[in-house]
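Novice: Just need the structure, nothing else, for what follows:
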Amino acid sequence: MGVQLSDDDESMLLEMLQPVPSAYLEGLAEADEGIVTLVLENSVAHLRDETVPLRSIWPHRVFFSGDRPNEEAPLVTDATGGSRILYYGPYFHLAEGRWRAKLTLGFTKEAVGLPLKISAWGPGLLGEARFRPRQEGIFAAPFSFTVAEPEHPVELHIRTEEGAIEGRIALGQVELNYVGRG
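Specialist: You can find the predicted model right below:
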């Protein structure tokens, strides 16, 4: 993060970092504890041991509904209607560098062929990908983006590029893996 710590400060910080500090989990519902663990556990492990690959998993519950701004997104959303953002968020910070994202998405047969765009935003566009599901089912949609300013949170958009008469789309999770700098 660009902060210089003395050896004593670094040791103290690492001692405070357990798999996920229990102080962060106090008072949370069990489902919320699971979300915190998915999002943060690997990052904390990476801080303790740099040989642990840096990654994060963002479950669908951390995203917002494009149809109901500022409300938790449902697992499955109706794609019927005009072109629009279906899922957005979660406004989490990521380390500077290149990231590979793998979205777990599901499509009903009515959503087959609907063009979609995934984009990552920080202070500006960080990366985007377009795709069109060729069959119904659950699939992984990979794309990469680069974080140049880690002090800005990352927001993903999953949007339809055309209107739809019918069809439903599901967002299971987004798995993020750090590829490295540059």
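
Novice: I'd like the distance between Gln135 and Gly113.
Specialist: The spacing between Gln135 and Gly113, counted by Cβ to Cβ, to the nearest Å, is 10 Å. Where you see a C-beta, it was placed from the backbone N, CA and C, and this is true even at glycine.

Novice: Look at the two and report which has more neighbours.
Specialist: When Gln135 and Gly113 are compared for neighbours, Gly113 comes out ahead with 14 against 9, by other Cβ atoms under 10 Å.

Novice: what sits against the more buried one?
Specialist: The contact partners of Gly113, by Cβ atoms under 8 Å, 6 or more residues apart in numbering, come to Arg132, Pro133, Arg134.

Novice: mind listing which of those are in strands?
Specialist: Among the contacts of Gly113, none falls in strands (DSSP state E).

Novice: Most neighbours out of these, which is it?
Specialist: Counting neighbours by other Cβ under 10 Å, Pro133 leads these with 21 neighbours.

Novice: Can you tell me the closest non-neighbouring residue to that residue?
Specialist: Distance criterion Cβ to Cβ, 6 or more residues apart in numbering; nearest residue to Pro133, sequence neighbours excluded, is Phe107 at 4.4 Å.

Novice: circling back: now flag whichever of the contacts of Gly113 is closest to Glu175.
Specialist: Among the contacts of Gly113, Pro133 lies closest to Glu175 (Cβ to Cβ), at 18.8 Å.

Novice: how near is that closest one to Gly113?
Specialist: As judged by Cβ to Cβ, Pro133 and Gly113 stand 7 Å apart.

Novice: For Ile169, which residues count as its bridge partners?
Specialist: Going by DSSP bridges, Ile169 is paired in beta bridges with Thr77, Phe107.

Novice: Please read the previous query as pertaining to Arg130.
Specialist: In beta-bridge terms (that is, DSSP bridges), Arg130 pairs with Lys117.

Novice: do the same with Phe143
Specialist: According to DSSP bridges, the residues that bridge with Phe143 are Ala101.

Novice: how does the protein divide into domains?
Specialist: With automatic domain parsing serving as the domain definition, the record reports that the chain contains domains spanning 1-52, 54-180.

Novice: Show me the helices in this protein, by range?
Specialist: 7-16, 22-25, 30-48 (DSSP state H).
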